[in-house]
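Colleague: Here you go, sequence then predicted model.
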Amino acid sequence: MGISRILIANRGEIALRIHRAAHEMGIETVAVHSTADADAMHVRLADHAVCIGPPAAADSYLNIANIISAAEIAQADAIHPGYGFLSENAKFAEIVEAHDIKWIGPKPEHIRTMGDKVEAKKTAGALGLPLVPGSDGAVATVEEARAIAAEIGFPVIIKAASGGGGRGMKVCESEDQLETLMKQAGSEAKAAFGDATVYIEKYLGDPRHIEFQVFGDGNGNAIHLGERDCSLQRRHQKVLEEAPSPVLGEEDRMRMGEVCAQAMRDMGYRGAGTIEFLWENGEFYFIEMNTRLQVEHPVTEAITGVDLVREQIRIADGKPLSVKQDEIEFKGHAIECRINAEDPFTFAPSPGKISYYHPAGGMHVRVDSGLYAGYSIPPYYDSMIAKLIVYGRNREGCMMRLKRALEEMVVEGVKTSIPLHQALLEQDDVKSGDYSIKWLEEWLKERD
Ligand SMILES: Nc1ncc2cc(-c3cccc4ccccc34)c(N3CC[C@@H](N)C3)nc2n1
């Protein structure tokens, strides 16, 4: 008996995205929501709705007991966690499975492994992924740190094992700062994550952030769906993502994609995953693996034609992947703009009521959003209110269409990041694809 009712343990655009995939498969949906999200679009569209608590995420979307209770009450036979919240919480995944509810996500032990950045790096190395030069595992003493830094050369970066996504990192430029920064990194990691473990890597000065989408069926089969370039970011918040990367050639894509897919086969990986690399001077360096569906998954869907949420549900239901590697074609170019309810250049949050909403449309234009006129954007959660994903047969055509879609998109009642995206598309380095992870913050500084 297959999955017939999915509880969506998330909110906003990704909750609607999961609802859509489920309904296209004849599967019912259960929306869980906080009191602040009672009027959300996915709650209106879902077959069932259960309020799981007050606005604060800790009391609602992060409340494992309430979510499990909602699944029992609504008799859901599967849970999709989306991204963020509990999506990479191995304990939650185990509790879901212990209640005989299908977890639409990777095996809990893989979530746990990749959540520990020291274990993740060891596993990646053992699977044949190229690593950043650095310590072989955790670094316990300043003496060890000194020895490693002497070997790899300054600058080095000290990273928290329980960090990730930019949290718990310290760049050390020279030997005299090492002791202080090692101690600071350890105590900050202890305070933030309850775990003082740190490791050290050679600090790459001006890399791009290129990530590969992988998918496994949990039985030793796995594929890659190409890469995404996520280098345009500010303070670890991605602003714009594109597929394929403007700097990768066909040969590099297929070579690194296959290395990633083979690593997933060897691991027996199940579900969607993203393997993150830094890319500098033509070389890839593994930094992290995300055991979840990512915000920017639609650009991969646009150039491959594969519905990644549909595949997640199929795999959780014990079905094989719909596509084999040799059936996947990379066609055209896609760019996603994250549209946030915030001031476009100061980034100050701008929650409030949407008085008028017109999503862009037309050929190859996709807007993933739960917005509607009259909807009030709550101040309790992150500021992303929509994703504009545009496809073109090539990068120039994609940017032309993206520019047209941005001018057509209307969100009145709050400030949005649309003007930022419009300004970015006028920049020569963005037009040419010649930007690294530092480009946006430097450009914003020059503007001030
Ligand atoms: N050895 C070495 N050298 C430079 C790095 C620079 C970053 C980094 C720093 C700041 C922004 C970033 C945006 C995308 C990807 C990486 C970064 C970085 N990150 C940031 C979050 C996490 N994914 C790892 N690790 C690095 N590691």
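Modeller: Cool, got the structure.
Colleague: Around the ligand, pick out the residues from the stretch 1-150 of the chain.
Modeller: Val132 (C-beta under 6 Å from any ligand atom). No exception for glycine: its C-beta is placed from N, CA and C like everyone else's.
Colleague: list the contacts for the closest residue to the ligand within the stretch 1-150 of the chain?
Modeller: The minimum distance from the stretch 1-150 of the chain to the ligand, using C-beta to the nearest ligand atom, falls at Val132 (4.4 Å). By C-beta atoms under 8 Å, 6 or more residues apart in numbering, the contact set of Val132 is 201-202, 204, 278, 285-287.
Colleague: Surely Met182 and Glu143 touch.
Modeller: No - using C-beta atoms under 8 Å, Met182 is not in contact with Glu143, being 10.2 Å away.
Colleague: Please report how far the spatially most central residue of the chain lies from Ser34.
Modeller: Nearest to the geometric centre of the chain sits Gln294, at 3.2 Å (C-alpha atoms, centre = their mean). For Gln294, the distance to Ser34 equals 23 Å [C-beta to C-beta, to the nearest Å].
Colleague: got it, and Tyr372?
Modeller: In this view, Tyr372 and Ser34 are 18 Å apart by C-beta to C-beta.
Colleague: residues near Pro106, how many?
Modeller: Neighbour count for Pro106, taken as other C-beta atoms under 10 Å: 29.
Colleague: typed the wrong thing, it's Val214
Modeller: 23.
Colleague: The one 4 residues further on too?
Modeller: Applying other C-beta under 10 Å, we find 17 other residues in the vicinity of Gly218.
Colleague: got a list of what the residue nearest to Glu280 when sequence neighbours are not counted touches?
Modeller: Distance criterion C-beta to C-beta, 6 or more residues apart in numbering; nearest residue to Glu280, sequence neighbours excluded, is Pro207 at 4.1 Å. Contacts for Pro207 (C-beta under 8 Å, 6+ apart) come out as 278-280, 285, 436-437.
Colleague: circling back: sticking with the residue nearest to the centre of the chain, tell me its helix or strand.
Modeller: Element membership for Gln294 (DSSP states H and E) is empty, with no helix or strand holding it.
Colleague: show me where the stretch 51-200 of the chain has strands.
Modeller: Remark: strands assigned in the stretch 51-200 of the chain by DSSP state E, counting those that start in this stretch are 78-80, 102-103, 156-164, 167-172, 198-202.
Colleague: nope, the stretch 301-448 of the chain is what I was after
Modeller: Counting by DSSP E, counting those that start in this stretch, the strands of the stretch 301-448 of the chain are 333-340, 352-353, 356-358, 365-369, 376-377, 384-392, 410-412.
Colleague: deepest of those, which one?
Modeller: Neighbour counts (mean count of other C-beta atoms under 10 Å) averaged over each of these peak at strand 333-340, with a mean of 25.
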